[in-house]
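>>> generate coordinates for the sequence data below:
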Amino acid sequence: MIRTEVVQLTSIQGLAYKQKLTAGGAGITVITSDDRAVFTVNKRDGQCVPYGKVNEKVFTAAVAKEVLELTRGLPYKRLDIVSGVSVDDSLDRIPAGSETEDEDDKDTIDVIASVEYKEFIAQYSDKTDKFSYQLMNKELIQFASRSSVVNSLIAEKTDTEAIVRYIVKSKSASLANNKGMDDSHLTAFIDTFDSMDTRSAFKELRAHLRGKMRRAKK
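Now for the predicted structure:
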């Protein structure tokens with residue numbers, strides 16, 4: 001089971017965690033003592049959207065807002081199925097069917113188990129083990145600014161996404177002390193980090209590159 005750590009809610013008596021969905025993208029599972037709901041995240045506005053049928057009387061907009069905030073930036077790990085987890089004595093059983101099938105469990109590329117993923121998480125997590133997009137983007141932007149290859153790619157008007165892929169591959173190879181990922185692994189790697197954010201894990205890096213490309217045209 002590939003998911004994030006379980007977090008405890010205050011808006012309702014329940015628990016939440018993020019995991020990959022079989023249909024693609026990330027889902028946030030919310031569990032109470034006798035009910036459950038799954039949300040997904042709208043990439044356009046960053047808001048929680050019900051994934052399937054949701055009891056709106058229990059899982060309100062306030063609950064959706066809280067679970068989104070609490071799970072933002074939590075790294076994926078290979079963890080056990082959630083069971084026997086309690087908020088208090090009244091929440092000691094997880095209702096049947098509380099787990100959704102995990103897409104990455106069926107993938108041939110196990111991004112979570114890769115040394116590149118583990119090194120990225122270790123390098124860019126804060127003292128509370130929460131992944132820091134700000135720190136990651138800051139270092140990747142610094143790498144891009146120093147790289148003669150990146151400057152050449154910008155001068156050649158290379159597609160922004162291709163430059164992002166080069167930067168992520170180069171930095172992950174440096175951290176993992178290896179030759180780097182192949183194309184399919186790199187795609188899965190970037191998608192995994194993007195699914196951890198409500199918008200895009202590499203948003204600041206992409207904006208930095210687009211700015212440099214605009215200035216290069218003048």
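
>>> which residues of this protein score low on pLDDT?
Scanning the chain for pLDDT under 70 picks out the ranges 23-24, 83-108, 198-199, 218.

>>> longest helix of it?
As assigned by DSSP state H, the longest helix anywhere in the chain is helix 160-176.

>>> give me the contacts around the following helix or strand past it.
Per DSSP states H and E, the first helix or strand lying C-terminal to helix 160-176 is helix 183-196. For helix 183-196, contacts defined as CB atoms under 8 Å, 6 or more residues apart in numbering pick out 18, 20, 25-26, 73-76, 104, 107, 109, 111-112, 114, 116-117, 120, 131, 164-165, 168-169, 172, 180-181, 200-202. Bear in mind the C-beta positions are built from the backbone N, C-alpha and C, glycine included.

>>> could you redo the last one with a cut-off of 6 Å?
Helix 183-196 is contacted by residues A26, I109, V111, R165, K169, S200, A201 when judged by CB atoms under 6 Å, 6 or more residues apart in numbering.

>>> how many other residues sit next to the closest residue to the last one other than its chain neighbours?
When you say that, I think you mean A201. Leaving aside its sequence neighbours, A201 sits nearest to F193 (CB to CB, 6 or more residues apart in numbering; 4.0 Å). Neighbour count for F193, taken as other CB atoms under 10 Å: 22.

>>> same deal with L153?
L153 has 20 nearby residues by other CB under 10 Å.

>>> wait, a helix at it?
Yes - assigned with DSSP: H, G, I helix; E, B strand; the rest coil, L153 falls within a helix.

>>> what distance do you get for it to P75?
Remark: distance between L153 and P75 (CB to CB, to the nearest Å) = 29 Å.

>>> do the same with S200
16 Å.

>>> repeat for T160
25 Å.

>>> comparing those two, which residue is more hemmed in?
When T160 and P75 are compared for neighbours, P75 comes out ahead with 21 against 18, by other CB under 10 Å.

>>> find the residue at the geometric middle of the protein.
M196 (1.2 Å; CA atoms, centre = their mean).

>>> how is this structure divided into domains?
Segmentation of the chain into domains, based on automatic domain parsing, reads 2-106, 111-217.

>>> work out the gap between the first one and the centre of the chain.
Same thing as domain 2-106. 14 Å (CA atoms, centre = their mean, to the nearest Å).

>>> and what of stretch 177-191?
Stretch 177-191 sits 16 Å away from the centroid of its parent chain (CA atoms, centre = their mean).

>>> over to stretch 194-202?
6 Å.

>>> circling back to that earlier point, from E156, how far off is the residue nearest to A201?
Taken as CB to CB, the span from F193 to E156 is 26 Å.

>>> cool, A113 as well?
With CB to CB as the criterion, A113 and E156 are 36 Å apart.

>>> hmm, E66 is touching S11, no?
Yes - with contact defined as CB atoms under 6 Å, E66 counts as touching S11 (4.7 Å).

>>> in terms of neighbours, single out the busier of the two.
Counted by other CB under 10 Å, E66 and S11 do not tie: E66 has more neighbours, with 20 against 15.
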